[in-house]
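Student: return a 3D structure for these sequence lines:
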Amino acid sequence: MEKARTIGLGMDYSPTSKAALRWVIDNLVQGDQDRLILIHVRSSKSDHDQKKLWGDSGSPLIPLEELKETTVSRQYGLNPDSEVLDLLDTVSRTKGAKVMCKVYWGDPREKICDAVEELKLDSLVVGSRGLGALKRVLLGSVSNYAVLNATCPVTVIKGTPVLKP
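Tutor: All right, here's what the predicted structure looks like:
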């Protein structure tokens, strides 16, 4: 019998984070012992009441059933799209995985690594926007930071490189 695993997924509803979600479902989630936790990091400038309450530690874990409720999502400043919710619902029903969400406020690089420690993740999956080397140096790369600083294995799902005409 397999040990229960906790898999974290950095989610911002971008095409690469959706690709990372599909990869997690196809390659990591195996059964009802697994927990899949979506990790959202909101800007520290956002001014939601939930940030005032949970700003330092991040929100409590939000079960999938609550995440699907528009009022709950909006309380945390999230706008989950139907594609992501359908994928999460499917993995929950077909594989029996427990799906949850946690919201943090602040620098995504630091908060994702904080989540690894706090949630005791066995694995972290993040998408990469495919920034060129110069933009990655100027803007910073969440995926690169996670690979170098997270205390669990990190899988980076690459996006299509951004090409300028």
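
Student: quick one: classify the residue nearest to Gly96 when sequence neighbours are not counted as helix, strand or coil.
Tutor: Distances taken as C-beta to C-beta, 6 or more residues apart in numbering place Asp32 nearest to Gly96, at 3.1 Å, with adjacent residues excluded. For every residue, glycine as well, the C-beta is placed using N, CA and C. When classified by DSSP: H, G, I helix; E, B strand; the rest coil, Asp32 comes out as coil.

Student: now do the contacts for Asp32.
Tutor: By C-beta atoms under 8 Å, 6 or more residues apart in numbering, Asp32 lies in contact with 95-98.

Student: ok, Val99 next?
Tutor: With contact taken as C-beta under 8 Å, 6+ apart, Val99 is in contact with 35-38, 63-64, 67, 88, 91-92.

Student: now Ala20
Tutor: With contact taken as C-beta under 8 Å, 6+ apart, Ala20 is in contact with 9-11, 125-127, 155, 157.

Student: returning to what we had before: tell me the backbone dihedrals of the residue nearest to Gly96, please.
Tutor: Asp32 has phi and psi values of phi -70, psi -10 when expressed as degrees, to the nearest 10.

Student: after the lowest-mean-pLDDT helix or strand in the chain comes which helix or strand?
Tutor: Least confident helix or strand of the chain, by mean pLDDT, DSSP states H and E, is helix 133-139 with a mean of 44. Sequence-wise, the next helix or strand downstream of helix 133-139 (DSSP states H and E) is helix 142-149.

Student: okay, buried residues for that next one please.
Tutor: Across helix 142-149, burial judged by 16 or more other C-beta atoms under 10 Å covers 142-147.

Student: quick check, nearest of the residues you listed to Ala19?
Tutor: Of all these, Ala19 sits closest to Ser143, with 12.5 Å by C-beta to C-beta.

Student: measure the closest one to Thr6 for me?
Tutor: Going from Ser143 to Thr6 by C-beta to C-beta, to the nearest Å gives 19 Å.

Student: likewise Thr70?
Tutor: Applying C-beta to C-beta, the value for Thr70 to Thr6 is 27 Å.

Student: what do you get for Leu148?
Tutor: 21 Å.

Student: export the contacts of Asp32 as TSV, with columns for distance to Arg74, neighbour count and secondary structure.
Tutor: Formatted as TSV, the contacts of Asp32 follow (distance: C-beta to C-beta, whole Å; neighbours: other C-beta atoms under 10 Å; DSSP: H, G, I helix; E, B strand; the rest coil):
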residue	distance to Arg74	neighbour count	secondary structure
Lys95	28	15	helix
Gly96	28	13	coil
Ala97	25	24	coil
Lys98	23	16	strand
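
Student: many thanks, we can stop here.
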